[in-house]
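1. sequence and predicted structure below; questions after.
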Amino acid sequence: MNNNSIKLADPKQAVIGVLIFLFPFLSLITPFGIGLASFTFLIAALFFLKPGLGALRRHWREVRWVVIFFAFNFFYTVACFALRDQSLGDVEKPARMLFAVSAMMLVMAVKPERKSLWWGVIGGAFVAMLLVGYQRVVLGEDRPGGLLNAITFGDIALSLGLIALAAMIDVRSVRKVFWPAIGALAGLAASTLTGTRGGWLGLVLCGLLFIQYSHVLNNRRVRAVVAFTFAFMAATYFVPETGVRERVRQGILDITTYFSGGSAFTNVGVRLELWKAAGILIEDAAVLGRGEEGYRKVLEPLVREGELDPVVLEMPHFHNEALQAMVTGGVVGFAAWFGMILAPFAFFTRAMRVKNASKQEFATALAGILLVTSYFGYGLTEVIFWSVKGAMFYALMVFLLMGFYLNAKEANASDSSRHSREGGNP
């Protein structure tokens, strides 16, 4: 039996591999997939606490800023809960996002196969496409979203598609590129079927990243698949059945109507009015913000005085991640949110610049960059962290990809050291 067979036969790796596969696979087709994954990773990590903590200490210098900003977000929320009249539920999401570090510790301790994550991403994107395709075509729903909000569903599906694109770097033969390519197209198609426009901004930013890091795409066929995928997304504009062209035209009409003094009660008009309201609120409480509920008490008199449209009182958030953080948490809250974006981005960007890195390192690092960049793009017109599922998908995927990257880096260093010793023998 060879070493690979022994590795595959390890029951611990097999079990953890199944858990990792189920996380992206169930994320969009069940109401419990993401929540179940967060608890199972945490519980499983407790069984491997000693090696997990050892791996965390070993790589602390590399991961510390990511962990610190997730912890800072949690402790600042706890402080706000203690000082303001906020519900205990406000603390749950930051706590679970911080505890997602257990996924990274678990991966580093057990060292499961990366393919468990890649196959889960591919399968999750494909079944998501089937689900919203059924809702759109058979049930005739205009904005299908599976069991989630259409925007959240579309954004997560797009992230799955982008991660599948990065997985193509990790395949061992050109023929196997087919499967992650299918996952990428399925994720993009699922997002398109939801009619979500905010995801397009994330896609544009990710397209620029693919251009910047095109040198890591390991062959011409992979580059061709990436180019075809983005061309496919662009082509949906010219297919009336997708509704993309109509959504673009409606968005332009909404903007024109709003700035000509018309109704703000349109998809884009509501966002513009909310951003106007956020600007007013930020001026009065710039340092610590007003909390999740406190800002509404200020909005009500502004609406009565006619300074703002009543529609702002009907929305649960400000449809912009940065503005939401500034209004509710001030500059400190903004730093907490932006840190959870910037720190992982810096981690994966540094990983992409490492010389003599393996394709496995490149694949996991690129997947991480695309995830973080896409979420930043979503946050320009949506508060995806408002949703527990949206926030937990991000946190779990960031830490999983970090763990798999660090495993690949250690394996590459070990192989290089072994080859060096063997090369030096007579």
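-> The structure has been received and is ready for your questions. Numbers count the residues shown, from 1 in each chain.
2. go through the protein and flag its longest helix.
-> With residue count as the measure and DSSP state H as the assignment, the chain has helix 388-424 as its longest helix.
3. report the rounded mean pLDDT for that one.
-> Confidence over helix 388-424, taken as the mean pLDDT, stands at 85.
4. what do you get for stretch 355-374?
-> According to the model, stretch 355-374 has a mean pLDDT of 92.
5. what about that stretch, distance to the chain center?
-> Here stretch 355-374 is found 14 Å from its chain centre; the criterion is C-alpha atoms, centre = their mean, to the nearest Å.
6. can you give me the buried ones in that stretch?
-> Residues of stretch 355-374 classed as buried: 357-374 (neighbour count, 16 or more other C-beta atoms under 10 Å). C-beta here means a position set from N, CA and C on the backbone, and glycine is covered the same way.
7. Gly289: what secondary structure?
-> Reducing the assignment at Gly289 to three states with DSSP: H, G, I helix; E, B strand; the rest coil gives coil.
8. what distance do you get for the closest residue to it other than its chain neighbours to Thr381?
-> If you skip the residues right next to it in sequence, Gly289 has Gly330 as its closest partner in space, 3.7 Å away by C-beta to C-beta, 6 or more residues apart in numbering. Gly330 is 22 Å from Thr381, where distance means C-beta to C-beta, to the nearest Å.
9. same check, this time on Leu185
-> Taking C-beta to C-beta as the criterion, Leu185 is separated from Thr381 by 24 Å.
10. next, count neighbours for the residue nearest to Gly289.
-> The local packing count at Gly330 equals 20, with neighbours defined by other C-beta atoms under 10 Å.
11. can I get stretch 21-29 as CSV, trimmed to CA atoms?
-> Written as CSV, here are the backbone C-alpha positions of stretch 21-29 (Å, rounded to 0.1, in the frame of the first residue of the first chain):
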residue,chain,number,x,y,z
PHE,A,21,-17.7,18.7,1.8
LEU,A,22,-21.1,19.1,3.3
PHE,A,23,-20.5,22.7,4.3
PRO,A,24,-20.6,24.3,0.8
PHE,A,25,-22.8,21.5,-0.6
LEU,A,26,-25.6,22.1,1.8
SER,A,27,-25.2,25.9,2.2
LEU,A,28,-27.8,26.9,-0.4
ILE,A,29,-30.2,23.9,-0.6
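12. hang on, the earlier thing: take the buried residues of stretch 355-374 and keep only those in helices.
-> Cross-referencing the buried residues of stretch 355-374 against helices under DSSP H gives 359-374.
13. which among these gets closest to Phe72?
-> Val372 (17.1 Å; C-beta to C-beta).
14. contacting residues for the closest one?
-> If a contact means C-beta atoms under 8 Å, 6 or more residues apart in numbering, then Val372 has Ile341, Pro344, Phe345, Phe348, Val398 as its contacts.
15. make CSV out of those and add distance to Arg172.
-> As requested, the contacts of Val372 are arranged in CSV below (distance: C-beta to C-beta, whole Å):
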residue, distance to Arg172
Ile341, 33
Pro344, 27
Phe345, 28
Phe348, 23
Val398, 26
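16. out of those residues, list just those in helices.
-> With DSSP H as the criterion, helices contain Ile341, Pro344, Phe345, Phe348, Val398 from among these.
17. if I look at the second one, how far off is Arg304?
-> When C-beta to C-beta is the yardstick, Pro344 and Arg304 sit 43 Å from each other.
18. which strands and helices sit next to the strand or helix carrying Phe75?
-> Assigned by DSSP states H and E, Phe75 belongs to helix 60-83. When contacts are defined as 3 or more C-beta pairs under 8 Å, 6 or more residues apart in numbering; DSSP states H and E, helix 60-83 sits against helix 89-99, helix 101-110, helix 321-352, helix 388-424.
19. domain assignment for this protein?
-> Residue ranges for each domain of the chain read 7-240+333-416, 245-313, as given by automatic domain parsing.
20. for these, which has the smallest mean pLDDT value?
-> For the domains of the chain, the bottom mean pLDDT is recorded on domain 245-313, which sits at a mean of 79.
21. count the neighbours of Ala227 for me.
-> 13.
22. and the gap between it and Asp170?
-> When C-beta to C-beta is the yardstick, Ala227 and Asp170 sit 19 Å from each other.
23. with Leu400 instead?
-> In this structure, Leu400 and Asp170 are separated by 14 Å, where distance is defined by C-beta to C-beta.
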